[in-house]
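> the following comprises the amino acid sequence and a computationally predicted model.
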Amino acid sequence: MKYDDRTLENNEENLSQSKRLSNLILQRELIEAKKLLLNFNEYPNEVKNELSMAIFPYVSLVCMGYQEINGIDDEDLKNIIKNMRTSLKLFSDQKINKVAKIINKLRSNYFEFVNGDIVNTFDLGVYFINGNPYLNTYQVQLYFSIRYSSKKNLEYHFGKDLMLISKNITNFIMEKSRIFDYSDHIFKYYYHNYKIKKFELNSIDYKSEVLAKNNKINCSQIIMLFIVFCQLNFLRDVLPLFLNVNASLYYRIKYIIYLNVRKVLLQFIDIYDNISNYNAVIDIIKANRIHNELRNNIFHYNVELDQIKIKKILENKPKISLKSVIDIFSNELDTLVDSDLNEFESYIIEIISIILVKNNVR
């Protein structure tokens, strides 16, 4: 990949090595996000509108990276992307207890709609691709619609709002990536003209609620489990349709989902200890492969590493991406994370199967 040594907004010659590295990774991911969106835009509106709810919370990370390094003047866009990243981080850090409270609030709002016999525009159901759920109502409302105000109030966005948010993010990425994307032929590697096959939408599937009946753990925890199961399916079945698995942005999304799943499973391992790969999952969770220094560099674009690590990464400039940062910690880490994700998926599938049997809905 060819790089331009200019920063996005700052043309100072004597940038720190950390600033240079941060800009190079952001530069790459801006172009990757642009290619993803161009490919995404080829889909029919019906499919595109459904998929955008799963894709745009992650694409917004690139906008957040730009805000961190260079700043954004548009206050509305700044608030949108800030709220999305806050929501993405909820599952992976000490704020996970807030997720349960938010889900309970979402559930109460949903039931108010139903009991009041109002047209149910709130519930978006569960979305499937190739028979696998990759998105659900609670996930959409967590990522797109919740604003953390000083009073901790919740706001909800519906169809037109979601489309406007997606449009604003798209326009911003297209504008900022134009600075560097001067050689399209180089970047064709990052996207493909795949089409979604057997795409199925079932907007009246309340599986999240079904899973939550009559179990040892509370409803919000089970819904959280279903959310991360959808994220795993999104990573495996949806994202590679738009983004090459070697793209820097793909790694960022993969590791965020990894951290989300690991944190949620911590709530289940003491209850579901008879799962076939229970011991493997316990070992993975205890290993805690992604420590705070790396985690911070996954959620933030301002790279913070010691100068020796940064210098080593910059020596291989043509291959600089988030993967370069990951490999500087361990060149085996990504292989381990892929293996861990497979174990997590198997564990979750078996738990869901057990819950469905108890609910007599399988």
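It's in.

> what sits up against the helix or strand harbouring residue 224?
Assigned by DSSP states H and E, residue 224 falls within helix 219-233. If you take Cβ atoms under 8 Å, 6 or more residues apart in numbering as the criterion, helix 219-233 is touched by 91, 96, 99-101, 103-104, 107, 126, 129, 132-136, 138-139, 142, 207-209, 211-213, 215, 257, 260-261, 264-265, 267-268, 341, 344-345, 348-349, 351-352, 355. All C-beta spots, glycine's among them, are computed from the backbone N, C-alpha and C.

> skip ahead from it and say which helix or strand is next.
Next element after helix 219-233 (DSSP H and E): helix 248-265.

> if we can go back for a sec, in helices, which of the contacts of helix 219-233 appear?
Of the contacts of helix 219-233, the ones assigned to helices by DSSP state H are 96, 99-101, 103-104, 107, 138-139, 207-209, 211, 257, 260-261, 264-265, 341, 344-345, 348-349, 351-352, 355.

> and those residues, which are buried?
96, 99-100, 103, 107, 138-139, 207-209, 211, 257, 260-261, 264-265, 341, 344-345, 348, 351-352, 355 (16 or more other Cβ atoms under 10 Å).

> give me the number of residues near residue 246?
Neighbourhood size, residue 246 [other Cβ atoms under 10 Å]: 11.

> how much space between it and residue 301?
Distance, residue 246 to residue 301, by Cβ to Cβ, to the nearest Å: 19 Å.

> cool, and residue 162?
Taking Cβ to Cβ, one finds residue 162 at 25 Å from residue 301.

> of the two, give the one with the bigger neighbour count.
residue 301 (23 against 18).

> list the contacts of the more buried one.
Under the criterion of Cβ under 8 Å, 6+ apart, the contact list for residue 301 reads 22, 25, 26, 64, 65, 66, 68, 69.

> next: residue 33.
Residue 33 neighbours (Cβ under 8 Å, 6+ apart): 59, 62, 173, 177, 249.

> correct me if wrong: the fourth one contacts residue 34.
Yes - when contacts are counted by Cβ atoms under 8 Å, residue 177 is listed as touching residue 34 (4.1 Å).

> looking at these two, which one has more neighbours?
The residue with more neighbours, out of residue 177 and residue 34 and counting by other Cβ under 10 Å, is residue 34; that gives 25 against 21.

> how close does the more buried one get to residue 94?
Distance, residue 34 to residue 94, using Cβ to Cβ: 34 Å.

> what helix or strand is residue 26 located in?
If you go by DSSP H and E, residue 26 is part of helix 17-40.

> buried set for that helix?
By 16+ other Cβ under 10 Å, the buried positions in helix 17-40 come out as 18-37, 39-40.

> and the residue lying closest to residue 300 once chain neighbours are set aside, what does it touch?
Closest residue to residue 300 apart from its sequence neighbours, by Cβ to Cβ, 6 or more residues apart in numbering: residue 68 at 6.2 Å. Residues in contact with residue 68 (Cβ under 8 Å, 6+ apart) are 300, 301, 302.

> got a markdown table for those residues, with secondary structure, distance to residue 84 and pLDDT too?
Formatted as a markdown table, the contacts of residue 68 follow (DSSP: H, G, I helix; E, B strand; the rest coil; distance: Cβ to Cβ, whole Å; pLDDT from 0 to 100):
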| residue | secondary structure | distance to residue 84 | pLDDT |
| --- | --- | --- | --- |
| 300 | coil | 14 | 89 |
| 301 | coil | 14 | 91 |
| 302 | coil | 18 | 89 |
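
> okay if I get those as a markdown table plus distance to residue 327?
What follows is the contacts of residue 68, written out as a markdown table (distance: Cβ to Cβ, whole Å):
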| residue | distance to residue 327 |
| --- | --- |
| 300 | 18 |
| 301 | 18 |
| 302 | 19 |
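
> wait, which of those residues is closest to residue 318?
Nearest to residue 318, judged by Cβ to Cβ, of the contacts of residue 68 is residue 301 at 19.7 Å.

> for the stretch 51-200 of the chain, just list every one of the strands.
Shown for the stretch 51-200 of the chain, the strands assigned by DSSP state E, counting those that start in this stretch span residues 126-129, 132-136, 199-202.
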